[in-house]
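**Q** Sequence below, structure please.
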Amino acid sequence: MNFCSKSWTTLSLTLKLTTASVLPFSATANAVETREESHAMVLLRGLPTLGTSHSVAIVELDPESENFGNILSEYEQPAMEHPLHHMYYSPTGRLYATGLDPKCSLAEIGLARDASGSPVVQSIDCLDTQGQIVGEDIMWHESNGQTYMFVTFMGGTGGDDGGSVGVFDPQTNAVVKVIEARKSQVGEGEAYIMYPHGISAYQDRMIVTSTVHPDLATGVGNSITVIDLNTLEPIQNITVENEKPVGFPSSPVEVLFARPTIHEDIEPAVLVNTMFGFETWKIPYNEEAKTFGEAEVIYSGVENKTAVPLEFYGNETELFISHGLPGVVKRYDLAQLPELVSTGPDIKAEAGAHHMIFYTSKSGRKLIAVQNNLLNLGDAAANDPTDIDFIAGLNDHSITVHDLDSGERSASLNFKDKYNKGIDNVEGLFGAGFVHHH
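**A** The predicted structure is shown next:
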C-alpha cells in the first residue's frame, strides 16, 4: 500500500549508502551512463523444489532496453525458511524490508555503488524487534511531535490471537514501544489488535487491519483497529464484513486513510480492501469530532466478478487498486476520493496482481509494472512450495509492464521461467518510480 504519510509530492531522498569497497552515490551519479529510472528492487522467493534460495535483486524493467528482465545485482538472503516480504523507503532514503521468517521479521537493506558506478545490493541486516514476528507493512508518521517508524507484525509476539504494531526510532532502529492488545485478554467490547497487516494514518489517528493468522489456518479477522497516536493505544474496532464468497471472514488486508494531504478535494475517510470478502469499504471520518461514521461497501467483487483486492497505490491524479483475480488493476480519480470514480479501463495483468511501480521508458512513455503473485503459495504439482487450493491460482510469478495511458501490455517477465524463483515484491530503485507509501 503506497502513499506518503505526510506529503503527496515526490520525496527528495537523502540516500544513506554504505561504502565499504564501493563509491558513494553522490560521487558517481553524474558519471553513470546507464539509465536507472527503470531499475527496480525485487524480493525473490526461492522455490525449494527447484533448488533456489531467497534473495534481493535489482532488475531492468524497461521494455525498450536490451537488458529487459536481466538481474543487474543480487544478494542472497541469510539462510532461513521464509523470505523477506515487503520493501519501504524511509523519508531519508533508507531501505527496509519486513520478513515472514521469525528469525528476520524486519531488516535494513544496504544499497551502494561498485567501482564502475553501478548500483548494487550490499547487505541485509536483520533488526531486533523484541520478539515481534511476521512483519508486514511500514509507515513513518508523527506521534506527539516525534516521527517514528511504525511496523505491523501479523504474528505479534506469538499465540493464536497474536499481532502487534512496533514503534521504532527511525534513526537507531531501536524499539520504542510494542503496541499489543490481545482479543483474549482485553475486556468485553474493548479495542484489540489481531493479525495486523495494512496501516495508514491521518493526523493523530492510525488504522491497522485484522487480516489472517500467519499460519493461514488458525484464524481470520474481519475488522480494523483505530489507534490513538497521542497515547499509542488502540481505542476502537470497526467491523468490515458483508458477504462471505469463500466462506471465510472478510480478512481486511490493506487500508488507505484518504485525506486532503493527498489531494485537497478529498473528504477524510478510510478505504479498506477485504481479501476474502472481495470488497472495498468506505468509513467516513469526522475530522473535528475525531469520530468514524458507518462503514459501507463501495465496491463489490462478487458483483463485478473480481476477487482478492489487495493494494492501494497512487500517482498525482489517480488511485490504483489491484485485484488478484482475475488479475487486474482498476484506476480511479484521486480528486474524487473517497468515492471510486473510474478513470479508464482495467489494466489487465496476471493472476495475483499485487504490488506496482510507475516509471518511464527510454523514449519517455509512462509505464506501470505490476507484480503478479500472492506469497508464491500454489500448486505442489507445479513445483510451488505449498498446495493451498484457494491460493493456487494467485501466482503467475511474473511482472507485467503496461503503458500507463492506454493500459496495453508492453512486456512480461516470468521469474519462475527465467530464474526458478517467485517474485514477492517490487519497488523502485533508490525510491524512484513515483511510489508512495500509504
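
**Q** buried stuff in the helix or strand harbouring residue 371?
**A** Using DSSP states H and E, the element containing residue 371 is strand 366-373. Counting neighbours by 16 or more other C-beta atoms under 10 Å, one finds that the buried residues in strand 366-373 are 367, 368, 369, 370, 371, 372, 373. From N, CA and C alone the C-beta is placed, and that goes for glycine too.

**Q** That one pairs with which strands, and in what direction?
**A** strand 353-360 (antiparallel), strand 395-403 (antiparallel) (DSSP bridges).

**Q** what's the following helix or strand after the last one?
**A** Helices and strands here follow DSSP H and E; after strand 395-403, the next one along the chain is strand 409-414.

**Q** Would you mind giving the orientation angle of that next one with respect to strand 395-403?
**A** Calculated by axes from the mean of the first three to the mean of the last three C-alpha atoms, to 10 degrees, strand 409-414 forms an angle of 150 degrees with strand 395-403.

**Q** Please tell me how far the following helix or strand past strand 409-414 is from the chain's geometric centre.
**A** Following strand 409-414 in sequence order, the next helix or strand is helix 415-419 (DSSP H and E). Relative to its chain's centre, helix 415-419 lies at 22 Å (C-alpha atoms, centre = their mean, to the nearest Å).

**Q** What of stretch 229-246?
**A** The answer for stretch 229-246 is 19 Å, by C-alpha atoms, centre = their mean.

**Q** Can you show me the helices along the stretch 1-150 of the chain?
**A** Applying DSSP state H, counting those that start in this stretch to the stretch 1-150 of the chain gives helices spanning 25-28.

**Q** Give the closest residue to residue 301 in space, chain neighbours not counted.
**A** Distances taken as C-beta to C-beta, 6 or more residues apart in numbering put residue 278 closest to residue 301, at 2.8 Å, once the chain neighbours are dropped.

**Q** lowest-pLDDT helix or strand in the protein?
**A** Every helix and strand of the chain was ranked by mean pLDDT, DSSP states H and E. The lowest is helix 25-28, at a mean of 37.

**Q** In CSV, list the strands paired with strand 366-373 along with mean neighbour count and distance to residue 422.
**A** Formatted as CSV, the strands paired with strand 366-373 follow (neighbours: other C-beta atoms under 10 Å; distance: least, C-beta to C-beta, whole Å):
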stretch, mean neighbour count, distance to residue 422
strand 353-360, 25, 12
strand 395-403, 24, 5
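
**Q** Throw these into a markdown table and include distance to residue 121, thanks.
**A** Putting those into a markdown table (distance: least, C-beta to C-beta, whole Å) gives the following:
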| stretch | distance to residue 121 |
| --- | --- |
| strand 353-360 | 17 |
| strand 395-403 | 18 |
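
**Q** which residues does residue 287 contact?
**A** 203, 268 (C-beta atoms under 8 Å, 6 or more residues apart in numbering).

**Q** please redo it, this time with the cut-off set to 7 Å
**A** Counting by C-beta atoms under 7 Å, 6 or more residues apart in numbering, residue 287 makes contact with residue 268.

**Q** any idea how far residue 198 is from residue 374?
**A** 14 Å (C-beta to C-beta, to the nearest Å).

**Q** higher neighbour count, those two?
**A** Neighbour totals were compared for residue 198 and residue 374, and residue 198 leads with 27 against 23 (other C-beta atoms under 10 Å).

**Q** Surely the more buried one is within a strand?
**A** Yes: looking at residue 198 with DSSP: H, G, I helix; E, B strand; the rest coil, it is inside a strand.

**Q** what about it, distance to residue 254?
**A** Here residue 198 is placed at a distance of 4 Å from residue 254 (C-beta to C-beta).

**Q** Which residue ranges of the stretch 251-400 of the chain form strands?
**A** For the stretch 251-400 of the chain, the strands defined by DSSP state E, counting those that start in this stretch occupy 252-258, 269-274, 279-286, 291-292, 296-300, 307-314, 318-325, 328-333, 347-348, 353-360, 366-373, 395-403.

**Q** how about those in a markdown table, adding distance to residue 410 and mean pLDDT?
**A** Output for the strands of the stretch 251-400 of the chain, formatted as a markdown table (distance: least, C-beta to C-beta, whole Å; pLDDT from 0 to 100):
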| stretch | distance to residue 410 | mean pLDDT |
| --- | --- | --- |
| strand 252-258 | 26 | 97 |
| strand 269-274 | 27 | 98 |
| strand 279-286 | 28 | 98 |
| strand 291-292 | 41 | 98 |
| strand 296-300 | 27 | 98 |
| strand 307-314 | 18 | 95 |
| strand 318-325 | 17 | 96 |
| strand 328-333 | 14 | 98 |
| strand 347-348 | 11 | 98 |
| strand 353-360 | 12 | 96 |
| strand 366-373 | 7 | 96 |
| strand 395-403 | 5 | 95 |
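
**Q** All set, thanks.
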